[in-house]
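In: with the sequence up front, the predicted model follows.
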Amino acid sequence: MSGTILVSGVLKRTVRHERPERSDDLSFPSSHASMTAAVATAAAHDAREATIPRAGRWLIEGSEWGIASATAWARVEAGVHYPSDVLAGAALGGLISTTVEDAFFGDGSAPTVALLPERRGFGVAVAWSF
């Protein structure tokens with residue numbers, strides 16, 4: 001989940017979109033929406049992998065997505081985000097969580113990380129097979 005916070009923070013400081021109530025210019029994307037969507041996505045993945053009855057999986061997934069949706073809408077209702085901010089945040093959180101789940105907890109394949117020397121430091125490359 002820390003990857004979601006990191007990417008969301010970088011985007012906020014890059015885009016600099018003013019909030020509806022004009023308190024600052026860190027509106028896009030919504031970190032609350034990205035974080036709750038990331039947690040809901042991870043919980044849904046874990047529920048699908050667990051050996052619990054189907055109704056239990058639906059209850060877990062429905063609860064998580066209900067909390068994520070309510071959190072996102074509450075940010076709009078509070079006047080601190082536009083709907084586009086929370087939609088982008090939710091998409092970002094879901095994408096990052098799915099990527100991490102698939103890369104590290106998927107079919108057993110692990111990502112490959114390489115350090116690439118450059119003239120003034122180094123680069124990092126990450127790759128994995130789907």
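Out: Structure received. Residues are numbered from 1 along each chain as shown.

In: which positions in stretch 94-103 come out as buried?
Out: Judged by neighbour count using 16 or more other Cβ atoms under 10 Å, the buried positions of stretch 94-103 are 94-98, 100-101, 103. Yep, even glycine has a C-beta here, placed from its N, CA and C like the rest.

In: return the member of these nearest to residue 7.
Out: Top of the list for closeness to residue 7, among the buried residues of stretch 94-103 and by Cβ to Cβ, is residue 96 at 6.3 Å.

In: in a helix, that closest one, correct?
Out: Yes: counting by DSSP: H, G, I helix; E, B strand; the rest coil, residue 96 is found in a helix.

In: tell me who's in contact with it.
Out: With contact set as Cβ atoms under 8 Å, 6 or more residues apart in numbering, residue 96 has these partners: 3-4, 7, 34, 38.

In: ok, now with 10 Å
Out: Counting by Cβ atoms under 10 Å, 6 or more residues apart in numbering, residue 96 makes contact with 1-8, 34, 37-38, 41-42.

In: now the buried residues of stretch 94-103 as CSV including pLDDT and distance to residue 55?
Out: Formatted as CSV, the entries for those read as follows, by pLDDT from 0 to 100; distance: Cβ to Cβ, whole Å:
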residue, pLDDT, distance to residue 55
94, 92, 24
95, 90, 28
96, 91, 29
97, 90, 24
98, 87, 24
100, 85, 27
101, 82, 23
103, 75, 30
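
In: reformat these as CSV; add distance to residue 12.
Out: Formatted as CSV, the buried residues of stretch 94-103 follow (distance: Cβ to Cβ, whole Å):
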residue, distance to residue 12
94, 18
95, 16
96, 15
97, 19
98, 21
100, 20
101, 24
103, 25
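
In: which of the residues you listed sit farthest apart?
Out: Of all pairs drawn from the buried residues of stretch 94-103, the greatest distance, 14.7 Å, lies between 94 and 103 (Cβ to Cβ).

In: what's the spacing between residue 54 and residue 6?
Out: To residue 6, residue 54 is 35 Å away according to Cβ to Cβ, to the nearest Å.
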